[in-house]
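> here you go, sequence then predicted model.
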Amino acid sequence: MTNQTLKMRIGNAFIKMILRSPMHEQFSQNFLLISVTGRKSGKTYTTPVNYHRMGNTIMVISMRERTWWRNLRGGAPVNLLLQGENIQGEGKVIEDDQRVTEGLAAILRQTPDYAKYLDVTLDPDGQTAMDELNQAAKSRVIVEITLSPN
């Protein structure tokens with residue numbers, strides 16, 4: 001196990017612990033826990049992720065090199081711990097570079113500060129250069145989760 005992997009596992013364990021505790025509010029505005037069932041193993045995997053909420057849809061950006069999202073190809077049910085509440089939804093992965101670029105642009109319109117995590121710059125009008133956004137999309141996927149009605 002590399003030093004980077006160990007740090008990520010420790011960080012994820014800490015965030016999971018906080019999100020499951022009564023003290024979750026400080027982290028819940030930016031993080032949620034997503035539980036996904038492995039297609040082959042049937043095992044449930046739970047991971048903390050950053051999210052962006054757009055009405056009844058949760059958008060999660062992940063690096064393509066990560067593996068948790070692959071179980072959502074073609075769509076699959078997910079369980080979320082979102083702001084202290086267990087919520088069901090249907091997750092699907094957007095992998096097409098053009099659609100990822102469009103999704104990133106929508107997220108940046110809502111949350112311009114996220115540009116620093118994508119390594120893109122915004123002009124004074126809040127627009128980013130399309131070549132920067134296209135480049136960012138090549139190394140990312142978007143998981144789009146439609147929340148189930150209560």
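The structure has been received and is ready for your questions. Only a predicted model underlies this, so the values are computations on that prediction, with no experimental measurement involved.
> model confidence at Ser21, what's the number?
On pLDDT, Ser21 comes in at 82.
> sec struct for it, please.
coil (DSSP: H, G, I helix; E, B strand; the rest coil).
> run a quick neighbour tally on it.
Other residues within reach of Ser21 by the criterion other CB atoms under 10 Å amount to 11. In short, each C-beta sits where N, CA and C put it, glycine included.
> over to Met1?
7.
> my guess is Thr37 contacts Thr46. True?
No: judged on CB atoms under 8 Å, Thr37 makes no contact with Thr46 at a distance of 10.5 Å.
> keeping just the C-alphas, turn the lowest-mean-pLDDT helix or strand in the chain into PDB.
When the helices and strands of the chain are scored by mean pLDDT, DSSP states H and E, helix 3-19 comes last with a mean of 77. Output in PDB follows, covering the C-alpha atoms of helix 3-19 (Å, rounded to 0.1, in the frame of the first residue of the first chain):
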ATOM      1  CA  ASN A   3       1.700   6.300   1.400                       C
ATOM      2  CA  GLN A   4      -0.900   8.200  -0.700                       C
ATOM      3  CA  THR A   5      -3.400   5.200  -0.400                       C
ATOM      4  CA  LEU A   6      -2.900   5.000   3.300                       C
ATOM      5  CA  LYS A   7      -3.500   8.700   3.800                       C
ATOM      6  CA  MET A   8      -6.700   8.500   1.700                       C
ATOM      7  CA  ARG A   9      -8.000   5.500   3.700                       C
ATOM      8  CA  ILE A  10      -7.400   7.300   7.000                       C
ATOM      9  CA  GLY A  11      -9.000  10.500   5.700                       C
ATOM     10  CA  ASN A  12     -12.000   8.600   4.300                       C
ATOM     11  CA  ALA A  13     -12.400   6.700   7.700                       C
ATOM     12  CA  PHE A  14     -12.400  10.000   9.600                       C
ATOM     13  CA  ILE A  15     -14.900  11.600   7.300                       C
ATOM     14  CA  LYS A  16     -17.200   8.500   7.500                       C
ATOM     15  CA  MET A  17     -17.000   8.700  11.300                       C
ATOM     16  CA  ILE A  18     -17.900  12.400  11.300                       C
ATOM     17  CA  LEU A  19     -20.700  12.100   8.800                       C
END
